[in-house]
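>>> Build me a model from this:
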Amino acid sequence: MARTRAEDFEEKQHQLLLTAAHVFATQGMDKASMSQIALEAGVSKSLLYHYYPSKDALIFAIIHTHLNELETALQRATDPDLPPGPRLEKLVLTMLEQYRGADDQHIVQLNAGQALSDDQRVRLLQLERRIVRHFSAVICEIHPILDRPERPLLMPVTMSLFGMLNWVYMWFRDGGPVSREDYAKLATTLILEGVKAVR
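Predicted coordinates for the structure are as follows:
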């Protein structure tokens with residue numbers, strides 16, 4: 001007989017993924033075991049394997065859930081009524097807010113490497129590209145010259161912005177001298193003012 005889904009299934013699943021992300025982030029992909037994750041999450045090993053039949057399935061679920069939540073938040077934050085500059089800043093701040101408390105998931109994403117199958121990597125890449133397009137579309141609207149066929153600089157500029165945002169977890173601390181709002185303005189300004197000097 002198939003298991004019935006508990007009313008709090010999604011909440012428990014979310015907590016399980018958070019716990020697993022913490023174990024992977026602190027122990028490493030190779031050292032962390034499904035037994036250890038089950039123990040830390042307070043569930044049976046059989047229940048863990050019921051929902052995630054392998055370690056790579058669990059790692060994929062952590063990253064896919066993290067990226068899917070980010071993409072959904074960016075969709076909601078996209079405001080066509082805002083001028084492009086403030087719209088970009090709003091997207092940057094949304095991304096920084098989504099990163100709040102998500103250091104473990106971020107570390108898992110950066111270090112998943114060979115733990116994932118080719119199919120899993122392709123599916124995550126498709127999701128990552130949708131996330132990137134939210135930003136590149138606005139940057140292109142602000143500086144169309146970046147998308148010239150003879151000198152395609154739109155993607156390098158966009159990924160430079162991601163380079164700033166994706167490493168925030170290494171140094172940013174809530175309650176410090178720079179708030180997320182401050183850094184959203186700073187990162188946006190660096191891009192918008194910096195591209196003016198790009199030839």
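>>> residues of the helix or strand in which residue 182 is found that come out buried?
Here residue 182, judged by DSSP states H and E, is contained in helix 180-194. By 16 or more other CB atoms under 10 Å, the buried positions in helix 180-194 come out as 180, 183-184, 187-188, 191-192. The way it works is simple: take the backbone N, C-alpha and C, and place the C-beta from them, glycine included.
>>> need these in CSV with pLDDT and distance to residue 45, can you?
Below are those laid out as CSV (pLDDT from 0 to 100; distance: CB to CB, whole Å):
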residue, pLDDT, distance to residue 45
180, 95, 38
183, 96, 41
184, 96, 42
187, 96, 43
188, 96, 46
191, 93, 47
192, 92, 51
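>>> and the two most separated of the residues you listed?
180 and 192 (18.3 Å; CB to CB).
>>> distance of the closest residue to residue 43 other than its chain neighbours from residue 22?
Distances taken as CB to CB, 6 or more residues apart in numbering place residue 16 nearest to residue 43, at 6.7 Å, with adjacent residues excluded. Distance of residue 16 to residue 22, computed by CB to CB, to the nearest Å: 11 Å.
>>> Show me which of these two is the more surrounded one.
residue 16 (23 against 19; other CB atoms under 10 Å).
>>> how far does the strand or helix carrying the more buried one sit from the chain's center?
Per DSSP H and E, residue 16 falls inside helix 9-27. Counting by CA atoms, centre = their mean, to the nearest Å, helix 9-27 is centred 15 Å from the centre of its parent chain.
>>> do the same with stretch 46-61
For stretch 46-61, the distance to the chain centre is 20 Å (CA atoms, centre = their mean).
>>> Neighbours of residue 153, how many?
17.
>>> OK, contacts around it?
When contacts are counted by CB atoms under 8 Å, 6 or more residues apart in numbering, residue 153 touches 146-147, 198.
>>> What of residue 139?
88, 146, 154, 157-158, 161, 191, 195.
>>> hmm, back to that, may I have the helix holding residue 16 exported as PDB, CA atoms only?
Below are the C-alpha coordinates for helix 9-27, written out as PDB (Å, rounded to 0.1, in the frame of the first residue of the first chain):
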ATOM      1  CA  PHE A   9       4.500  17.000   4.100                       C
ATOM      2  CA  GLU A  10       5.800  20.100   2.300                       C
ATOM      3  CA  GLU A  11       6.900  21.800   5.500                       C
ATOM      4  CA  LYS A  12       8.700  18.600   6.600                       C
ATOM      5  CA  GLN A  13      10.200  18.100   3.200                       C
ATOM      6  CA  HIS A  14      11.500  21.700   3.200                       C
ATOM      7  CA  GLN A  15      13.100  21.200   6.700                       C
ATOM      8  CA  LEU A  16      14.600  18.000   5.500                       C
ATOM      9  CA  LEU A  17      16.200  19.700   2.500                       C
ATOM     10  CA  LEU A  18      17.600  22.500   4.800                       C
ATOM     11  CA  THR A  19      19.100  19.900   7.200                       C
ATOM     12  CA  ALA A  20      20.600  17.900   4.300                       C
ATOM     13  CA  ALA A  21      22.000  21.100   2.800                       C
ATOM     14  CA  HIS A  22      23.700  21.900   6.200                       C
ATOM     15  CA  VAL A  23      25.200  18.500   6.400                       C
ATOM     16  CA  PHE A  24      26.500  18.600   2.900                       C
ATOM     17  CA  ALA A  25      27.800  22.200   3.300                       C
ATOM     18  CA  THR A  26      29.700  21.300   6.600                       C
ATOM     19  CA  GLN A  27      30.800  17.800   5.800                       C
END
